[in-house]
Structures are given as structure tokens and as C-alpha cells.
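Undergrad: next input, structure requested:
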Amino acid sequence: MSLKNTSDQQGITADINELLSLRFQAQNIQFFNSQRVNTNQVGQHVSRARGRGMDFEEVRHYQPGDDIRLMHWPLTARLGKPYTKVYKEERERAIYFIVDQTASMQFGTRVCFKSVLAAKICALLGWAALNHHEQVGGVVFADDGLYQLTPARSRTHLLKFFKCLSDPDNMLRPSNNHSMAMTLKNLSKTLKSGSVVIVISDFVHFDDEAEQYLKLINRKSEIIQVFTYDPLEASLPDRGQYCFSDGQLHFLELNAADKDVHKRYAEPFNQRLDRIKALSSKHNMQFVALATNDDVVKTLNHGVMRYGY
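TA: Numbers count the residues shown, from 1 in each chain. Coordinates of the predicted model:
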């Protein structure tokens, strides 16, 4: 069961004009924290974000545990009491999108394919990141190649990513290392500490190797896992006969009125979902699940509750 193949391919392939127009909806995304944080000692609050710079804010009395390097020695000598300088640090993060466009993502029965949903999510969060002056880059990986974009704070830069999502045939670079595991492995070698990695996928191809590299990345970066799915993957309708095919040799007919069929049908999806949720919870990663018929802005805002450090 899939979307009707209309002449304009609506919902089947990502439309670059729609991705561009999502910059307006991105203003409603409450996803990125651009607040400044006060810092007056090393180690008081561990932050994986690197600073854009240090702006002097005030001088106050020295407190036990303050960084000795921030002592205001002239004032201390003049007044005979220890004083320390307080600075305001503005955070800067590189936002990496890992966008799955493999064959399993080319499926949908409500509104759009999962691949199109992933493109929309990437566009919304990409625009939101630029609105908060973050650097944006990442990787699009598919069955026949990948596309990489070094993070930069540039609208033109982001548009290159959108072009790949809407026209992958002309943008993907052929590669033997385009699986999710290899994509994460390569990223782990070049990723700067304090970055934010947003993985948008149905996690069908998320194996043990991919999990190990994701945990490696998590040691020095913030990870947000966006689990995309179609409602028909989660459960069958209450009644009816349904035929499934891989588009090649395999066909399967299911009776949706059979409760045992319902249960066995949902098991693979539930196992996949539970695995990603458990991984996220255990390793302090962000997690949000979006269906192809969800309100993307509302779900993102509600689903990720504690973004930022």
C-alpha cells in the first residue's frame, strides 16, 4: 500500500520549493537554545559547546572554587580582598544532520514518504539552526551513494543540502561506504567536540556496528535521534485483506481481522522503536518519533523537551 503516484510526485519526492518555504514555519521551532551562559570558573558546569568568545561582564568577590586564572589582581591588591572577573560566554555549535534516504525510507501511506518527511524535518531544523546563528552541515546517505556538506553558517550552504534531498540522483557521490554504520564511523573521525548530531531515519538499517559508532560520537557531542515511520508500519487496519510486495519477487497477503496477525505484524516495528528509545534513554540522547501524518512543528516542539546543555 503506497501513495498514489500523481503527476507532480507530491509526497513521493521532496520539493525544493517546499523546503525553502519551510523557513517561515521554522520561526515556530522552539528547538535551539541560543542563550548565553555565565562562566567564572573552569569545571563548574561541564558544557560540550565551544565558545564563540568571552565578553567581560563584571567583577565580584572571589568564591571558593573559582578559577585562579580569572583573578582580578590589581583590584585584589588595591582593596586587600580577593576579587575575580566574570565573563559571559556565547555558545557556538556545529549542527550535523545525518539524513537517511535509503530504500526503506521510500515508503508512505499517509501524506508523504518517510524520505520526504526526513527532508522536511531537516529543512525545518536547518532553518531554525540558522535563525539561531548555528553552523549547519551533514550527510545524506542512500543505497547508491552519499553527499557530505561541511558545516557553515550560510543560507547558500544550506540550500546545497536541500538540493541533494530533492534531487539525489544528480547530487549523491558514488561510494562503497554509504551505510549508516560507515556514515557514523566517518563522522566520528572528523566531528568537533561540542557539536550536535541529528540523525533522521527509520533505523531499519541501524545495526550493532552503527550503534557502537553512535555511542562513540555521543561521548563528545549531543545526539538527537528522530525516528520516522509510517502509521501502517506500526499497525494494520482493523479489517480487510492486504497485499504487500518488495516490488520484485516477494509477495505477502495478510488478513487484518486476525488478532494474531496484528500482533506478529507489529513486532518488528515495536522492537526497532524500543531499541532506539532504550538506547537514547540509557546514553542520555534526545529522542522524538514522527509519523508521516504528524504535525512536524508541533511534534518536534513537544517531543524534544530538554534540548541544550
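
Undergrad: tell me which stretches of the stretch 1-150 of the chain form helices.
TA: Here the stretch 1-150 of the chain has its helices, by DSSP state H, counting those that start in this stretch, at 16-25, 73-79, 114-131.

Undergrad: in CSV: those, plus distance to residue 256, mean pLDDT and mean neighbour count.
TA: C-betas here are computed from N, CA, C, even on glycine. Shown next, in CSV, are the helices of the stretch 1-150 of the chain (distance: least, Cβ to Cβ, whole Å; pLDDT from 0 to 100; neighbours: other Cβ atoms under 10 Å):
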stretch, distance to residue 256, mean pLDDT, mean neighbour count
helix 16-25, 33, 95, 16
helix 73-79, 77, 91, 11
helix 114-131, 21, 96, 25
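
Undergrad: make CSV from the ones you listed and add distance to residue 160 to it.
TA: Below are these laid out as CSV (distance: least, Cβ to Cβ, whole Å):
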stretch, distance to residue 160
helix 16-25, 11
helix 73-79, 50
helix 114-131, 11
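
Undergrad: residue 231 is nearest to which of these?
TA: helix 114-131 (11.1 Å; Cβ to Cβ).

Undergrad: next one: the closest one to chain centre, how far?
TA: 9 Å (Cα atoms, centre = their mean, to the nearest Å).

Undergrad: packing partners of that helix?
TA: helix 16-25, strand 94-100, strand 135-142, helix 155-166, strand 196-201, strand 222-229, helix 296-303 (3 or more Cβ pairs under 8 Å, 6 or more residues apart in numbering; DSSP states H and E).

Undergrad: to residue 176, which of these lies closest?
TA: Per Cβ to Cβ, nearest to residue 176 of these: strand 135-142, 12.0 Å.

Undergrad: strand partners (parallel or antiparallel) of that closest one?
TA: strand 94-100 (parallel), strand 145-152 (antiparallel) (DSSP bridges).

Undergrad: list of residues touching that strand?
TA: 92-102, 122, 126, 129-130, 146-153, 157-158, 161, 164-165, 168, 171-172, 178-180, 183, 186-187, 198 (Cβ atoms under 8 Å, 6 or more residues apart in numbering).

Undergrad: could you redo the last one with a cut-off of 7 Å?
TA: 94-102, 126, 129-130, 146-153, 157-158, 161, 164-165, 168, 172, 178, 180, 183, 187 (Cβ atoms under 7 Å, 6 or more residues apart in numbering).

Undergrad: same check, this time on stretch 178-195
TA: Against stretch 178-195 from outside (Cβ under 7 Å, 6+ apart): 48-50, 93-94, 96, 98, 100, 139, 141-142, 145-146, 177, 201, 205-207, 209-210, 213-214, 216-217, 220-221.

Undergrad: hang on, the earlier thing: save the strands paired with strand 135-142 as a markdown table, and put in mean pLDDT too.
TA: Putting the strands paired with strand 135-142 into a markdown table (pLDDT from 0 to 100) gives the following:
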| stretch | mean pLDDT |
| --- | --- |
| strand 94-100 | 96 |
| strand 145-152 | 93 |
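
Undergrad: I appreciate the help and will end here.
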